[in-house]
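**Q** Sequence plus the predicted model coming up.
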There are 2 protein chains.
Amino acid sequence: MKLTTRGRYAVTAMLDLAIHGENRPVSLADISGRQEISLSYLEQLFAKLRRGALVDSVRGPGGGYRLAHNREAIFVAQIIDAVDESVDVTNCQGKGNCHHGEVCLTHHLWQDLSDQIHDFLSGISLADLVNNRGGKGAARSADTVQKLILQ
Amino acid sequence: MKLTTRGRYAVTAMLDLAIHGENRPVSLADISGRQEISLSYLEQLFAKLRRGALVDSVRGPGGGYRLAHNREAIFVAQIIDAVDESVDVTNCQGKGNCHHGEVCLTHHLWQDLSDQIHDFLSGISLADLVNNRGGKGAARSADTVQKLILQ
DNA sequence: CTAAAAACCTAGTAAATTACTTGGTTTTTT
DNA sequence: AAAAAACCAAGTAATTTACTAGGTTTTTAG
């Protein structure tokens, strides 16, 4: 399945951007420092995020990246789609040619799971994450959020 | 995340077993032939499935594997857990030490997604798959099912 | 107007994982 | 006794992933 560390990194970086980028653009060097993701790796991820129209870039000193839309309008599924190409758990990437050119025994199972995951992640915006409402809304203590935001 | 080809192979093989193993045990050589999975790889998977008490083995000629429970009582999540260890999308395997020993920004998101996937796959039994009710019950034409079962 | 900060780009590489191979042994049936 | 099967351990090829190296271009601040 396409749900790897790459996607996690991308969501984390976008969340960092949502938290720290209200006024000025945020440089990848800053995100790299805070989230401990290699700068050059971030560059590669943000190239994809930009192609996916999720962020805008500002070049030159004082530049960096900005969210291309507001927090409420950027969903986790979009981020993962942008960097991982797809959230797909089938073997045949949904083509249905997994067994001698026909659908394999479990094709529909994986297809349905894929859809399920995509639906789940499509319902969660960056705003939800900032406001601590990831998924079912697992509790996160107020001071943990503070620590994470203020570092 | 732990949702790889290994898990898919395991579910496919177990489904093959459910379909072909009503009377006699099914040898891995048979499954290997039908599903095009390397025999030795199947052996490794079935060692784990046996440790997970999902199948029983019968040694000697005419031997093979049998489901350890009936189709209704074996769920996809159990199969994947047995071969992939866990269906976990967090970076820290649920430990919550992903960022300087604290939970990372997106920990709860991945935790919730993990739970979601696990719940989904826990609701689908081998019997459901045999009867073509994977997940939301995507339609599969009757003759496709025939082809798959009768090969 | 120049130095520096940033994005932007390409290619390569190290590490990890995955799928598979090899070459056995043990058990049990015919 | 031969053969069919499970069972086992170690190694390997292929792929993917995360990261590094080494640039260029753009733009701002001084």
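**A** Nice, I can see it.

**Q** Okay, helices next: where are they in chain A?
**A** Applying DSSP state H to chain A gives helices spanning A:5-20, A:28-35, A:39-51, A:76-84, A:107-122, A:126-130, A:142-150.

**Q** closest one to DNA strand D among the ones you listed?
**A** When these are compared for distance to DNA strand D using C-beta to the nearest atom of the strand, the nearest one is helix A:5-20, at 2.1 Å. The way it works is simple: take the backbone N, C-alpha and C, and place the C-beta from them, glycine included.

**Q** Out of the helices of chain A, flag the one nearest chain B.
**A** When these are ranked by proximity to chain B, the top entry is helix A:107-122, at 2.9 Å, counting by C-beta to the nearest C-beta.

**Q** Contacts (any at all) between chain B and the closest one?
**A** Yes: counting by C-beta under 8 Å from any C-beta of the partner chain, contacts between helix A:107-122 and chain B involve A:H108, A:L109, A:W110, A:Q111, A:D112, A:L113, A:D115, A:Q116, A:I117, A:F120, A:L121.

**Q** So that helix, near DNA strand C or not?
**A** No: figure legend: helix A:107-122 not in contact with DNA strand C (C-beta under 7 Å from any atom of the strand); closest approach 12.7 Å.

**Q** Pull the residues that contact stretch A:10-26.
**A** Judged by C-beta atoms under 8 Å, 6 or more residues apart in numbering or on different chains, the contacts made with stretch A:10-26 from elsewhere in the structure are A:30-31, A:34-35, A:37, A:42, A:45-46, A:48-49, A:54-55, A:57-58, A:62-67, A:71, A:74, A:76, A:79-80, A:82-84, A:126-127, A:129-130, A:149, B:104-106, B:109.

**Q** Any of these buried? List them.
**A** Neighbour counting with 16 or more other C-beta atoms under 10 Å in any protein chain shown marks A:30-31, A:34-35, A:37, A:42, A:45-46, A:48-49, A:54-55, A:64-67, A:71, A:74, A:76, A:79-80, A:82-84, A:126, A:129-130, B:104-106, B:109 as buried within these.

**Q** centre of the chain versus stretch A:76-83, how much separation?
**A** Distance, stretch centre to chain centre, for stretch A:76-83: 5 Å (C-alpha atoms, centre = their mean, to the nearest Å).

**Q** hang on, the earlier thing: I'd like the residues of helix A:107-122 next to chain B written out as a markdown table, with pLDDT added.
**A** A markdown table is the format used below for the residues of helix A:107-122 next to chain B (pLDDT from 0 to 100):
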| residue | pLDDT |
| --- | --- |
| A:H108 | 76 |
| A:L109 | 73 |
| A:W110 | 74 |
| A:Q111 | 76 |
| A:D112 | 77 |
| A:L113 | 74 |
| A:D115 | 79 |
| A:Q116 | 79 |
| A:I117 | 79 |
| A:F120 | 81 |
| A:L121 | 84 |
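
**Q** sorry, back to before: rebuild the helices of chain A as TSV, extending it with distance to B:A13.
**A** Written out in TSV, the entries for the helices of chain A read as follows (distance: least, C-beta to C-beta, whole Å):
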stretch	distance to B:A13
helix A:5-20	28
helix A:28-35	40
helix A:39-51	36
helix A:76-84	27
helix A:107-122	14
helix A:126-130	38
helix A:142-150	43
